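**Q** Have a look at this fold, sequence not included:
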């Protein structure tokens, strides 16, 4: 079940859930593909809030 990532434990669980797709990429337009896309979006959102990337200025 997918849920919002609100802490480090949730983040690690989401990364773990995503890991299974690395060896077996889901086929397009399947439930697995939707789950993959949702996990990526949730992880990216959490990382943007908690691990922001800042541009280095010259």
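**A** That came through fine. Note that the structure is predicted; figures quoted are calculated from it, not measured.
**Q** Would you mark the buried spots in the strand or helix carrying residue 44?
**A** In the assignment (DSSP states H and E), residue 44 maps to helix 31-50. For helix 31-50, the neighbour count (16 or more other Cβ atoms under 10 Å) marks 35-36, 39, 42-43, 46 as buried. Bear in mind the C-beta positions are built from the backbone N, C-alpha and C, glycine included.
**Q** wait, which of those residues is closest to residue 26?
**A** Nearest to residue 26 out of the buried residues of helix 31-50 is residue 36 (Cβ to Cβ; 5.2 Å).
**Q** if I look at residue 8, how far off is residue 19?
**A** 17 Å (Cβ to Cβ, to the nearest Å).
**Q** Revised request: answer the last question for residue 29.
**A** Residue 29 is 22 Å from residue 19, by Cβ to Cβ.
**Q** Between the two, tell me which one has more neighbours.
**A** Each of residue 29 and residue 19 has its neighbours counted (other Cβ atoms under 10 Å); residue 19 has more, 10 against 7.
**Q** Contact partners for that one?
**A** Neighbour list for residue 19: empty [criterion: Cβ atoms under 8 Å, 6 or more residues apart in numbering].
**Q** The host helix or strand of it vs helix 31-50, what angle?
**A** Residue 19 is part of helix 8-23, with elements assigned from DSSP H and E. Computed with axes from the mean of the first three to the mean of the last three Cα atoms, to 10 degrees, the direction of helix 8-23 lies at 140 degrees from that of helix 31-50.
**Q** Perfect, that will be all.
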